[in-house]
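A.B. asks: Kindly generate the corresponding structure for this input.
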Amino acid sequence: MKQPPQLDMAPNPAFQTTVYGMQALADRAAAVNEVHARPHLLIQAPRGLLQLAFITEGDSAKDQAAMTELSQRLGVAEPDNTTPLHGLTWDEGDLHCEKHTEFSTYLWSAVLDPETGAPCGENPFKRGFVPPGPVISGIRLNVLPWTEAAEQEIERFDPVSLCYSVVENGAAAIVTDFRQDADGLTNILILDRDLTQARAGALAQRLLEIETYRTLALLALPLTRSLTVDLRRMESQLAAITDEMRTGKGARRDNDVLLAELTSLGAELEAGVAANLYRFGASRAYYEIVEERLDALAEESVAGYCTWRDFLHRRIAPAMRTCQSVKERQTKLSDKLTRAIALLRSWIDVELERQNRDLLESMNNRAKLQLRLQQTVEGLSVAAISYYVVSLLAYLLKGIPGVHDKVAPELVIAGLVPVVILAIWWTVRRIRHAHGDHAGEEKSS
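C.D. replies: Numbering: from 1, shown residues only. Below you'll find the model as predicted:
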């Protein structure tokens, strides 16, 4: 059977530098070519597709190594690994590598053998294929003409989870059970009644994306289960700490300890939020893509069977709500921790203010005691200084000739005692007042 024409994934040089002979914006080519960056295949029934999705974390070197090995083994030219979508084509089929942010998909397309129902030609994923990373999704999709014989293939699917609906205004039917076979692949069947090659390729790509992205969206579910245990533990710790703050157990002896525990709990929570931020955001984005692809199918239900949309909504939506609830619990717990820390800091600030008040009162009392002691010392110092001054004057009077003839020195000294005391007291008072006025001026300035 004649193979459908292959895709031309090379960029058009006309969009690179000029538009109608005029200089183009440097980023225009990337913007214009983005809508053609990931074209779908052109498919004609009967044809088989096998797609594997590998987690690569955006490492293009892994994809390059895998494609290099394939090109050498199949004896074809190595593709341009710098583009997001590139592939290999040989006589029996073609393989396309599509790079995404954290994963890459490898899609092998080949004509189906009418006798065995298996793809013709060499399987590129056998004989030493080097996977670029762990497999996250595997899909086997067959496109068959819609005949009575092809309808018998529906009986191979699990009736418990069988999804069967009509799409493309009755031109095709899509069938799957979302089960994995012995090879770990999800089997999908398209019954083609009147599809063009382009419409068949678009439909196949849409179904492949639904299965791939619904798996990626649910990667956050195991994470939420482990986070639920951690959140429950942290919520219990926060409740115990706030209860101790409320009741004042331990005579409020552990303000610093409580603050350290709250800070440690907040750091643990924020570290977990930061570590899981990408996973939750990516899962939400993948789920939105699944919903968009399901809407684009515009399924028509078949009596007695479940549609893809109904089946996936019943099973994915609760899981996504669980992921969203865990994310909201993290946000609410973070807010509660912030309020608890702020409350405890206010409590500590009040305690510090109380301690500072008590310290100022003790310093004030100490200053009063020092003032009284200073006044006592000043009184004693006036007496001591007066004693020494009177003694010096006594020696002076006794040494002056003729004083003994006019008056007794003792009487003169006795009369000088109150004068000396008053003079020294007045001098000390002036000095104290001078110091007080100087301190007052410094304080006012």
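
A.B. asks: For the chain, which segments count as strands?
C.D. replies: Assigned by DSSP state E, the strands in the chain fall at 18-19, 22-23, 47-55, 85-90, 93-99, 103-111, 135-145, 163-167, 172-180, 186-192, 300-301.

A.B. asks: Comparing the ones you listed by mean pLDDT, which bottoms out?
C.D. replies: Of all the strands of the chain, strand 85-90 carries the lowest average pLDDT, namely a mean of 78.

A.B. asks: State the distance from the residue lying closest to Asp113 once chain neighbours are set aside to Ala217.
C.D. replies: Nearest residue to Asp113, sequence neighbours excluded (CB to CB, 6 or more residues apart in numbering): Cys120, at 5.3 Å. All C-beta atoms are positioned from the backbone trio N, CA, C, and that covers glycine. Between Cys120 and Ala217 the distance is 34 Å, computed by CB to CB, to the nearest Å.

A.B. asks: What of Ala414?
C.D. replies: 113 Å.

A.B. asks: quick one on the thing from earlier: was I right to think the residue nearest to Asp113 contacts Glu92?
C.D. replies: Yes - using CB atoms under 8 Å, Cys120 makes contact with Glu92 at a distance of 5.4 Å.

A.B. asks: okay, and the common contacts of these two?
C.D. replies: Residues within reach of Cys120 and of Glu92 at once, by CB atoms under 8 Å, 6 or more residues apart in numbering, are 110-111.

A.B. asks: pretty sure Asp192 contacts Asn142?
C.D. replies: No - in this structure, Asp192 is not within contact of Asn142 by CB under 8 Å, at 10.2 Å.

A.B. asks: can you give me the offset of stretch 187-207 from its chain's centre?
C.D. replies: Chain-centre distance of stretch 187-207: 39 Å, with CA atoms, centre = their mean, to the nearest Å.

A.B. asks: That one: end-to-end distance?
C.D. replies: 11 Å (CA to CA, to the nearest Å).

A.B. asks: and if you look at stretch 36-53?
C.D. replies: Using CA to CA, one end of stretch 36-53 lies 21 Å from the other.

A.B. asks: domains of the chain?
C.D. replies: The chain breaks down by automatic domain parsing into domains covering 38-205, 220-358, 370-444.

A.B. asks: Give me the distance from the first one to the chain's centre.
C.D. replies: The chain centroid and the centroid of domain 38-205 are separated by 34 Å under CA atoms, centre = their mean.

A.B. asks: and if you look at the shortest one?
C.D. replies: If you compare the mean C-alpha spot of domain 370-444 with that of the full chain, they lie 82 Å apart, counting by CA atoms, centre = their mean.

A.B. asks: got it, and stretch 224-233?
C.D. replies: For stretch 224-233, the distance to the chain centre is 17 Å (CA atoms, centre = their mean).

A.B. asks: Show me what it is in contact with.
C.D. replies: With CB under 8 Å, 6+ apart as the criterion, stretch 224-233 contacts 272, 276, 322-323, 326, 329-330, 333.

A.B. asks: now the helices: where do they sit in the stretch 201-350 of the chain?
C.D. replies: Applying DSSP state H, counting those that start in this stretch to the stretch 201-350 of the chain gives helices spanning 220-247, 255-297, 308-398.
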